[in-house]
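Colleague: no sequence for this one, just the structure:
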């Protein structure tokens, strides 16, 4: 059994708690949360061990799951790595590429495994679409969340678009040649809608849109490649493939609709991390990936901020 400690007892962390309890190989060692005032009472109600400080959680754990978005991920991760603890870090994990580089250096010194939780990497709709991808030339992503009247402080690029940046970079293995981006402030201090166009050295173009004041939730991605279009709907767990059977014959198209299983992305990610630890594998989503994602997010944000000096 691997002893895993959980950082956070908020709504997001509850999902992590449920997933950890579902994996036989993990044993929850306890919970730490300095943000929620009644954290101890909440833990006692759930029958969980609560630690007053992060150091105590580290002493009683082999692995740390940093789940709460309210906590300072960089400081907690740094301290955990220095104590040679493996890490599962929820996203958005860090505020800058520099922080990611520092954690990469620390993790190499400590020889620990760190997996970043970009949940769409484990979305069954995405993994079902992967076998049909063959050198996409154009990628289009849409990530919309329905409007609510609560103020949003996290920049939409870091909060929403980051997930699609991660997907695009995991598919397109090339350097970015050019970035175009624009954004619109509607209800919050930072842009509520951002559109970014990424041009890669190998000719691939990706167009990404993130909108946090939309009429309804949308999460989908389309891949355009030679004689085919592959679409994955991350919310409806549907995949649609349109293939041209013969270039010389008009209307010779094959359309295939697939339904992916509605599995828990977080549970799949934690299962994968457990296998990484027990089989000494490379994490599915590394800090290096997070570093590249943050660099691109910074480039997009710089372009958008130029509109709002």
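Modeller: Perfect, I can see it now. This structure is a prediction, so every number in the text was calculated from the model and none was measured.

Colleague: and residue 287, how far is that from residue 86?
Modeller: According to Cβ to Cβ, to the nearest Å, residue 287 and residue 86 sit 12 Å apart. All C-beta atoms are positioned from the backbone trio N, CA, C, and that covers glycine.

Colleague: who's more crowded, those two?
Modeller: Between residue 287 and residue 86, residue 287 has the larger neighbour count (other Cβ atoms under 10 Å), namely 26 against 23.

Colleague: on the pLDDT front, check the more buried one for me.
Modeller: Residue 287 carries a pLDDT value of 93.

Colleague: quick one on the thing from earlier: name the residues contacting each of residue 287 and residue 86.
Modeller: residue 114 (Cβ atoms under 8 Å, 6 or more residues apart in numbering).

Colleague: test my guess that residue 234 contacts residue 122.
Modeller: No: using Cβ atoms under 8 Å as the test, residue 234 is too far from residue 122 to be in contact (10.8 Å).

Colleague: what about those two, which has more around it?
Modeller: residue 234 (26 against 21).

Colleague: which residues are in contact with the more buried one?
Modeller: By Cβ under 8 Å, 6+ apart, the neighbours of residue 234 are 120, 123, 125, 126, 219, 220, 221.

Colleague: what does whichever helix or strand residue 127 is part of contact?
Modeller: Here residue 127 sits within helix 124-129, counting by DSSP states H and E. Contact with helix 124-129 is made by 120, 167, 221, 223, 230-234, 236-239, 258, 260-263, 265, 268, as judged by Cβ under 8 Å, 6+ apart.

Colleague: mind checking which of these are buried?
Modeller: Buried members of the contacts of helix 124-129, counted by 16 or more other Cβ atoms under 10 Å: 120, 167, 221, 223, 230-234, 237-239, 260, 265, 268.

Colleague: ok, so of those residues, who is nearest residue 198?
Modeller: If you rank the buried ones among the contacts of helix 124-129 by distance to residue 198 using Cβ to Cβ, residue 167 comes first, at 12.0 Å.
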